[in-house]
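>>> requesting a structural model of the entry that follows:
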Amino acid sequence: MLALTPVITVSYEVKSAFLFLSILEFTVGVLANAFIFLVNFWDVVRKQPLSNCDLILLSLSLTRLFLHGLLFLDALQLTYFQRMKDPLSLSYQTIIMLWMITNQVGLWLTTCLSLLYCSKIARFSHTLLHCVASWVSRKVPQMLLGAMLFSCICTAICLGDFFSRSGFTFTTMLFVNNTEFNLQIAKLSFYHSFIFCTLASIPSLLFFLISSGVLIVSLGRHMRTMRAKTKDSHDPSLEAHIKALRSLVSFLCLYVVSFCAALVSVPLLMLWHNKIGVMICVGILAACPSIHAAILISGNAKLRRAVETILLWVQNSLKIGADHKADARTPGLC
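A predicted model of the protein is given here:
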């Protein structure tokens, strides 16, 4: 078995660097997702109808805000409270389980976005597939409600399993006066809850992969058709395919990276007691949703226009401020 040198304690400099990085990731993630949420929520306040895509982005950004809050709490707990030689505290385990559940909700919402892209952009030759795509594009609110309902059911099951096992572990520790045995029971209980929550993400991941695969196939067919007919590179359908796939493929890559980081962090935390390794994994987990939020902003026309408006306002404000300073320095004629 792979053996790593335990790093039970870390230096003050490492803690400070990790905390600074966590604050930076938290700030960037909150700003990016709060921007997506506020732009779409402002349309709700003005009683303007939201498109299906905007409705999903509104829900996804709200979920990501909660996710960043949990990851920041994780970083604080890891930096100041959780010691590697001690069993995982109930508060730290609860933060991890809530992060997994919130991440699962985010995966379902991204799956809804993938299905929407697939129904709106992909071209189907079969009548049944065309009818399914038309139904999906009309039933996005119901899909979101179904995804949230399924996530709530999974949340109830995961939390019920987690707290019941935590109660069993606590009872065992009271009656069995064996430190090593109690530690192994606590580890097995946490492993079981972690695997249980991970398995609940499989259905949403399968739907995401299928819809993304359909988009890729549709893009390939469309490119072959365009090569046969014309060499025009400014085809709106082609650009829509590419923008959708850029968003979905980037999410898939980031999800795989964050899933691997979460998977590696468990043995680092429970078996090898390597605090620096766990800190690196937490930093990766916090960076992935922030990067995807930036990609979503760059690929959405309404969000891009909002960014351009804000930048123009800032530029004009700075210009007016510079003009006032220049006027103040200019001596009067009288």
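
>>> where in the stretch 201-334 of the chain is pLDDT low?
Residues of the stretch 201-334 of the chain meeting the criterion pLDDT under 70: 226-235, 326-334.

>>> can you show me the helices along it?
All helices of the stretch 201-334 of the chain, identified by DSSP state H, counting those that start in this stretch, fall at 202-229, 236-270, 275-299, 301-329.

>>> same check, this time on the stretch 51-200 of the chain
Counting by DSSP H, counting those that start in this stretch, the helices of the stretch 51-200 of the chain are 52-76, 90-121, 127-138, 140-175, 179-199.

>>> with distance to residue 277 and mean pLDDT added, can I get these in a markdown table?
To be clear about C-beta, it is placed using only N, CA and C from the backbone, and glycine gets the same treatment. Formatted as a markdown table, the helices of the stretch 51-200 of the chain follow (distance: least, C-beta to C-beta, whole Å; pLDDT from 0 to 100):
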| stretch | distance to residue 277 | mean pLDDT |
| --- | --- | --- |
| helix 52-76 | 14 | 95 |
| helix 90-121 | 15 | 89 |
| helix 127-138 | 42 | 83 |
| helix 140-175 | 24 | 74 |
| helix 179-199 | 17 | 70 |
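
>>> of all these, which one comes closest to residue 252?
Minimum separation from residue 252 across the helices of the stretch 51-200 of the chain (C-beta to C-beta) falls at helix 90-121, 9.1 Å.

>>> other SSEs contacting the closest one?
Helix 90-121 sits against helix 52-76, helix 127-138, helix 140-175, helix 179-199, helix 202-229, helix 236-270, with contacts defined as 3 or more C-beta pairs under 8 Å, 6 or more residues apart in numbering; DSSP states H and E.

>>> looking at the helices of the stretch 51-200 of the chain, which is closest to residue 290?
helix 52-76 (7.7 Å).

>>> what angle do that closest one and helix 275-299 make?
160 degrees (axes from the mean of the first three to the mean of the last three C-alpha atoms, to 10 degrees).

>>> now do helix 52-76: distance to the chain's middle.
From the chain centre to the centre of helix 52-76 is a distance of 7 Å (C-alpha atoms, centre = their mean, to the nearest Å).

>>> same check on stretch 188-201?
So, by C-alpha atoms, centre = their mean, the centroid of stretch 188-201 is 19 Å from its chain's centroid.

>>> do stretch 30-50 as well
18 Å.

>>> swap in stretch 120-133?
29 Å.

>>> identify each buried residue in it, please.
121-122, 124, 133 (16 or more other C-beta atoms under 10 Å).

>>> just the residues you listed now: which is nearest residue 108?
Nearest to residue 108 among those: residue 133, at 19.4 Å, using C-beta to C-beta.
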